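In: Provided below for reference: sequence and predicted model.
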Amino acid sequence: MDPELEAFIPFFPKADLIDVEKERAFLAELSSGIPAETDGMEIEDRLVPGNPEVPVRIYRPHEAHGTVIWMHGGGWCIGDVETEHPWASRVAARSQAVVISVGYRLAPENPFPAALDDAWTVLRWAHETAEDPDLVA
């Protein structure tokens with residue numbers, strides 16, 4: 001791990017994934033107090049075609065270059081496009097790249113490999129539609 005990033009690990013709250021519902025509520029509360037950076041961009045919620053469809057939130061800065069697939073942390077069992085909104089919007093605003101935040105299915109309700117399958121569906125979709133300005137870019 002990059003030493004500059006590793007220095008921040010002690011500041012992350014410890015998650016007890018035994019009580020997933022409690023951790024989901026904690027993350028939702030935490031993220032609701034963090035401002036998003038949405039000036040100068042379009043934001044769209046959509047469903048990526050698949051089996052099942054995968055919800056995404058797309059952040060399109062004006063004159064964006066490149067695309068980032070945003071796979072939020074949370075041990076595959078906490079987080080969604082709402083809780084990731086502040087961070088995904090900041091990545092888009094500061095990188096000037098399109099950011100596609102993936103609302104993958106969470107465990108334990110959806111066991112492995114559900115989340116990985118959803119991520120793969122979105123990655124393939126982004127690649128296949130990269131040249132279509134009405135979809136991704």
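Out: Looks like it came in fine. On a predicted model such as this, the values are computed, not experimentally measured, just so you know.
In: Next, give phi and psi for the spatially most central residue of the chain.
Out: The chain has S101 as the residue nearest its centroid, 3.2 Å off, counting by CA atoms, centre = their mean. With angles defined as degrees, to the nearest 10, S101 sits at phi -90, psi 120.
In: Would you agree it is in contact with P55?
Out: No: between S101 and P55 there is no contact under CB atoms under 8 Å: 9.2 Å. Where you see a C-beta, it was placed from the backbone N, CA and C, and this is true even at glycine.
In: Common neighbours of these two, please.
Out: Common neighbours of S101 and P55, counting by CB atoms under 8 Å, 6 or more residues apart in numbering, are V81.
In: Tell me which stretches of the chain form helices.
Out: In the chain, the helices defined using DSSP state H lie at 3-6, 20-32, 85-95, 114-128.
In: As TSV, those with mean neighbour count, mean pLDDT and distance to T38 would be great.
Out: Shown next, in TSV, are the helices of the chain (neighbours: other CB atoms under 10 Å; pLDDT from 0 to 100; distance: least, CB to CB, whole Å):
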stretch	mean neighbour count	mean pLDDT	distance to T38
helix 3-6	8	84	25
helix 20-32	15	94	14
helix 85-95	19	97	5
helix 114-128	17	96	21
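In: Can you add distance to L47 and give the ones you listed back as TSV?
Out: Converted to TSV, the helices of the chain look like this (distance: least, CB to CB, whole Å):
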stretch	distance to L47
helix 3-6	33
helix 20-32	21
helix 85-95	17
helix 114-128	10
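In: Tell me which of those helices sits nearest to A107.
Out: helix 114-128 (6.9 Å; CB to CB).
In: Tell me which residues are up against that closest one.
Out: Contacts for helix 114-128 (CB under 8 Å, 6+ apart): 48-50, 54, 56, 67, 69, 71, 76, 100, 102-107, 136.
In: CA atoms of that helix as PDB?
Out: Provided in PDB are the C-alpha atoms of helix 114-128 (Å, rounded to 0.1, in the frame of the first residue of the first chain):
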ATOM      1  CA  ALA A 114     -23.100 -11.400  -6.800                       C
ATOM      2  CA  ALA A 115     -21.200  -8.200  -6.100                       C
ATOM      3  CA  LEU A 116     -18.400  -9.200  -8.400                       C
ATOM      4  CA  ASP A 117     -20.800 -10.200 -11.200                       C
ATOM      5  CA  ASP A 118     -22.500  -6.700 -10.900                       C
ATOM      6  CA  ALA A 119     -19.100  -5.000 -11.000                       C
ATOM      7  CA  TRP A 120     -18.200  -7.000 -14.100                       C
ATOM      8  CA  THR A 121     -21.600  -6.200 -15.700                       C
ATOM      9  CA  VAL A 122     -20.900  -2.400 -15.300                       C
ATOM     10  CA  LEU A 123     -17.300  -2.600 -16.400                       C
ATOM     11  CA  ARG A 124     -18.400  -4.400 -19.600                       C
ATOM     12  CA  TRP A 125     -21.200  -1.900 -20.200                       C
ATOM     13  CA  ALA A 126     -18.900   1.000 -19.700                       C
ATOM     14  CA  HIS A 127     -16.400  -0.400 -22.200                       C
ATOM     15  CA  GLU A 128     -19.100  -1.300 -24.800                       C
END
